[in-house]
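[1] Generate coordinates for the sequence data below:
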Amino acid sequence: MCIIADSISIRGGGGDLGAQLLKVQDDIPICASIISQRLALYSLEVGAEWVRDGVKDLAKNHGREGAIYLWEKLPQKYLDDFDVAVVHWLAHRYDIVVILGAPCGGPGYIRISFGGLPEVDCEVAAGRLCRGLEELMRDEMVQ
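    Numbers count the residues shown, from 1 in each chain. A predicted model of the protein is given here:
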């Protein structure tokens, strides 16, 4: 539960605690999404073997730590207005889409997401990204 309340009112500073508590909202989902519920029902219909077959490739990634993205610090000369240019350049020259770091709380970085990619596709994308970043460092943004 997330309580959005005015602390002055709670401490007796002139507000009505009851009115503040009406602002309580539930920030924890208590139900699975509809698509998840449908998948669960389908899994029950087709059986455990189908589920095992569908998740067998996930086992090798089980237990890892961290997120489904990583951060790459941009060279000093690409900070400020040039970070947008780097993202655009990587997309057009190397077919790699990355996210600006600043909107995610990491100015001066790009955010690289790899979640949801099959391993083979992730390897291909990582190779293109590596070549792009190497070119960026070596030759700058060549068109």
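
[2] tally of neighbours for the closest residue to residue 78 other than its chain neighbours?
    Closest residue in space to residue 78, ignoring its immediate chain neighbours: residue 86 at 5.2 Å, by Cβ to Cβ, 6 or more residues apart in numbering. Glycine gets a C-beta too; all of them are placed from N, C-alpha and C. By other Cβ atoms under 10 Å, 21 other residues sit near residue 86.

[3] for residue 86, what are its contacts?
    74, 78, 110, 136, 141 (Cβ atoms under 8 Å, 6 or more residues apart in numbering).

[4] Tell me the one of those nearest residue 55?
    When the contacts of residue 86 are ranked by distance to residue 55 (Cβ to Cβ), residue 110 comes first, at 31.1 Å.

[5] ok but the closest one is inside a helix, no?
    No - with DSSP: H, G, I helix; E, B strand; the rest coil as the criterion, residue 110 is located in strand rather than a helix.

[6] let's have the chain start at 354 instead
    Shifting the count to begin at 354 puts that one at residue 463.

[7] And for it, the neighbour number?
    Quick note: residue 463 (other Cβ under 10 Å) scores 24 neighbours.

[8] got it, and residue 392?
    14.

[9] could you say what helices and strands the host helix or strand of residue 490 packs with?
    Here residue 490 sits within helix 472-492, counting by DSSP states H and E. Secondary-structure packing of helix 472-492 (3 or more Cβ pairs under 8 Å, 6 or more residues apart in numbering; DSSP states H and E): helix 435-447.

[10] Flag every buried residue along the helix it packs on.
    Neighbour-count burial for helix 435-447, counted by 16 or more other Cβ atoms under 10 Å, picks out 436, 439, 440, 442, 443, 446, 447.

[11] quick one: least confident helix or strand in the chain?
    helix 360-363 (a mean of 47; mean pLDDT, DSSP states H and E).
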